[in-house]
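S.K.: What shape does this take:
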Amino acid sequence: MSIKVSNSVYIQEEELELKAIRSQGSGGQNVNKVSTAIHLFFDINKSSLSGFYKNRLNNLNDHHITNDGVIIIKAQKHRTQEANRQDAIEMLCVIVQKAAITVKKRKPTRPTLNSKTRRLDTKTKHSKNKSLRKKINKSDY
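M.R.: Below you'll find the model as predicted:
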């Protein structure tokens, strides 16, 4: 079975490694008995993703991605293992989708004439305020 990330991108479930671990924090009676949290491991380089996605994911600056190219996600929001499993898979899909977004390069623009005059006006006002703070010389009288 495969997981749909976008219209054209799918991740095979065999490529995911899911481990159930004990969840941190409050859990009531089940806190020391039931392993409800999920650790999801996804090796980018061994996956069936295209070269574009592999390259973008390896270059992505995300704290979930290790230097070896493995995405590690810990999901423990919910009280059930299945809900945490779905949450971890959704987080993985968000990371892969984030890698596909290309940021537009900023085109440098020239400042407008009005913005230049406003900047110069504030500079002159500021210098006038500062000149008013100076000590008055007796020789100026």
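S.K.: From Leu57, how far off is Gln97?
M.R.: Distance, Gln97 to Leu57, using C-beta to C-beta, to the nearest Å: 11 Å. Bear in mind the C-beta positions are built from the backbone N, C-alpha and C, glycine included.
S.K.: Excluding chain neighbours, give the residue nearest to the most centrally placed residue in the chain in space.
M.R.: Residue closest to the average C-alpha location in the chain (C-alpha atoms, centre = their mean): Asp62, at 6.1 Å. Among residues not flanking Asp62 along the chain, Ile95 sits closest, at 6.2 Å (C-beta to C-beta, 6 or more residues apart in numbering).
S.K.: Check what pLDDT that neighbour gets.
M.R.: At Ile95, the pLDDT value in this model is 90.
S.K.: ok, how many other residues are close to it?
M.R.: For Ile95, the neighbour count with other C-beta atoms under 10 Å is 18.
S.K.: And it, how far from Ile136?
M.R.: 65 Å.
S.K.: ditto for Ser23
M.R.: Between Ser23 and Ile136 the computed distance is 72 Å (C-beta to C-beta).
S.K.: Specify the local secondary structure of the residue nearest to the centre of the chain.
M.R.: Classification of Asp62 by DSSP: H, G, I helix; E, B strand; the rest coil places it in coil.
S.K.: Wait, it touches Leu92, no?
M.R.: No: taking contacts as C-beta atoms under 8 Å, Asp62 lies outside contact range of Leu92: 11.2 Å.
S.K.: Tell me which stretches of this protein form helices.
M.R.: Ranges of helices in the chain, per DSSP state H, are 51-59, 81-100, 113-132.
S.K.: how about those, which one is nearest Leu18?
M.R.: helix 81-100 (6.4 Å; C-beta to C-beta).
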